[in-house]
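**Q** whatever this is, show me its structure:
(2 chains)
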Amino acid sequence: MAVPAFQTSPGMRDILAPESARWRRFTQVFADVVEGAGYRQIISPIMEDLGVFTRIGEATDVVTKEMYDFVDKGGRHVALRPELTASVCRAFVEHRPVTPWKAWYSGSQFRYEKPQRGRYRQFDQVGIEALGADDPYLDVEVIALGWEFYRRLGLQQVRLLVNSLGEPDDRARYVEALRAHFAAAGDQLSEQSRVTLTKNPLRVLDSKRREDTTFVASAPTIDEFWSDAAAAHFEAVRDGLVALDIPFTVELKLVRGLDYYRHTTFEFQGLTLDSAQNALGGGGRYDGLVESLGGPPTAGIGFALGLDRTLLACDDEGTFPAPGATVDAFVVDTTGGREALVITAELRAAGLSADRAYEQRSMKAQMKAADRSDAALSIIVGTDELAAGTVTVRPMRGGEQSAVARADMVTTIQHLLSIHQNTEA
RNA sequence: GUGGGCGUAGCUCAGCUGGUGGUAGCGCCAGGUUGUGAUCCUGGAGGUCGGGGGUUCAAGUCCCCUCGCUCACCCCA
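**A** Numbers count the residues shown, from 1 in each chain, chains lettered A, B, ... in the order given. As a prediction, the model looks like this:
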């Protein structure tokens, strides 16, 4: 038997440069936006007790069939986090920070699903959560930060959908109305939707099957069931969005997949992504989730934005490209490599980025490597330079090369780089 | 989880109805240029044709299984 060629597990992958640098920048841009609004980072464990996530809702697919759960060696039933809102609420209960508590996060999450483009078993999201404030204008702030993030990435083709699921009682009455409506359709409804109806009538609204479209279209809408308080809350949210000039569409049949939402829900759709995976991100208000995790009654709202799909949208719009990698200086040494070792260390100590070649390759090969590194300068050391105590500094993007005394090398290079930057700017 | 499509060098791909030695481009390495990259020329390395089994005188090409990717459903980021 030959040695097996290992591959990543299904739905999981390696992110190599330059895409990895793009991921890093993605998170950095997000952090800049939300830190500027008073949100502070939380780094939580990648797995939790299973119970933390079952509070998301026993009827959600995320809990019932997509959980990466197992029993560890201590007999604890744990799960890789399928989302981060529940973890953040668990942390809130555990640490009881002063409210309003505003946190942001980034990281991998796991759902055991059949992989598809833009849908992986290990996927990355960035998000924010604001706990302890029941204020419709906080809803607006949260939505606005998501909107601003897309703007910073350069995305234009994003649509914001908003809805309100009302208060728990409103929602319960609406669910009953939906159940009656779809039940009346009998077996004209698709078989799968009839199954969904028994578990979670709300999600029948999400069906994309042709048999269901007329019944979905004629279904009652949530606005008929809003209490006065719920209607007022949603009215304030819409008014706030208008005040901030954020365009939105009220979508009364917008049903998010997680059961804990009440009042405001919203979703950002990528208009260039015409596949079924067009949700770039979404969120909503989840007053009550903290309580279900053993904490005091606490209001909460937040969102999560998917990294993969957002980057696909960026690709489509030709924005936020992967940054190119470059280096200040590449050291070419034909005297054995010892000089290159010392010179790169000296340059790095001076705060410059420096790379070099290995294995004593030919000068031509080393120059080729210098070119490939996209270095601004190459620093050449041959037997002549070694004897004279100099190095040859060669600009790689045009200009004359020159001999420089070793003692003046760093300052000369710093000078050349600053000139170079000025001419490029 | 269900169904459709695909799987040939590091990458992008030729390979017609199974028939004599598996393409090409890019990339990589070396030489042309006894110290100078990005251009040009020449040469070279690199392939279990995803894996396994079967049909056949003969399989990259047909059949079955399997793995992976992809699209739709489901669901969602």
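
**Q** what sits against residue A:183?
**A** With contacts defined as Cβ atoms under 8 Å, 6 or more residues apart in numbering, the neighbours of residue A:183 are residue A:197. From N, CA and C alone the C-beta is placed, and that goes for glycine too.

**Q** now it: how far from residue A:387?
**A** 93 Å (Cβ to Cβ, to the nearest Å).

**Q** now swap in residue A:405 and tell me
**A** Applying Cβ to Cβ to residue A:405 and residue A:387 gives a distance of 13 Å.

**Q** what of residue A:396?
**A** Taking Cβ to Cβ, one finds residue A:396 at 25 Å from residue A:387.

**Q** more neighbours, these two?
**A** Applying other Cβ atoms under 10 Å to residue A:396 and residue A:387 shows that residue A:396 carries more neighbours, namely 17 against 9.

**Q** residue A:370 is in contact with that one, correct?
**A** Yes. With contact defined as Cβ atoms under 8 Å, residue A:396 counts as touching residue A:370 (6.6 Å).

**Q** overlap of the contact sets of these two?
**A** A:330, A:378.

**Q** show me where the stretch 201-350 of chain A has helices.
**A** Defined through DSSP state H, counting those that start in this stretch, the helices belonging to the stretch 201-350 of chain A, from first to last, are A:213-217, A:228-243, A:289-292, A:307-317, A:338-349.

**Q** buried residues, the helix or strand bottoming out on mean pLDDT in chain A. List them.
**A** Within chain A, no helix or strand scores below helix A:61-64, which has a mean of 76 by mean pLDDT, DSSP states H and E. Neighbour-count burial for helix A:61-64, with 16 or more other Cβ atoms under 10 Å as criterion, is recorded at A:61-63.

**Q** what does stretch A:175-188 give?
**A** Those would be A:175, A:177-178, A:181-182, A:185, for stretch A:175-188 by 16+ other Cβ under 10 Å.

**Q** cool, and stretch A:284-303?
**A** For stretch A:284-303, the neighbour count (16+ other Cβ under 10 Å) marks A:284-290, A:292-293, A:295, A:298-303 as buried.

**Q** just flag the most distant two among the residues you listed.
**A** Among those, the pair separated by the greatest distance (Cβ to Cβ) is A:295 and A:303, at 20.7 Å.

**Q** got the contact list for stretch A:387-395?
**A** A:343, A:376-382, A:385, A:401-406, A:409, A:412-413, A:416, A:420.

**Q** no, scratch that, I was asking about stretch A:207-226
**A** Against stretch A:207-226 from outside (Cβ under 8 Å, 6+ apart): A:163-166, A:170-171, A:173-174, A:177-178, A:181-182, A:185, A:188-190, A:192-193, A:196, A:204-205, A:231, A:234, A:252-253, A:276.

**Q** doesn't residue A:179 lie inside a strand?
**A** No. Using DSSP: H, G, I helix; E, B strand; the rest coil, the assignment for residue A:179 is helix, not a strand.

**Q** how about the contacts made by it?
**A** Applying Cβ under 8 Å, 6+ apart, the residues contacting residue A:179 are A:197, A:201.

**Q** please tell me how far it sits from RNA strand B.
**A** 15 Å (Cβ to the nearest atom of the strand, to the nearest Å).

**Q** please apply the same query to residue A:105.
**A** Taking Cβ to the nearest atom of the strand, one finds residue A:105 at 13 Å from RNA strand B.

**Q** can you pull the contacts of that residue?
**A** A:41-44, A:84, A:88, A:126-129.

**Q** how about residue A:378, secondary structure?
**A** At residue A:378, secondary structure determined by three-state DSSP is strand.

**Q** lovely, talk soon.
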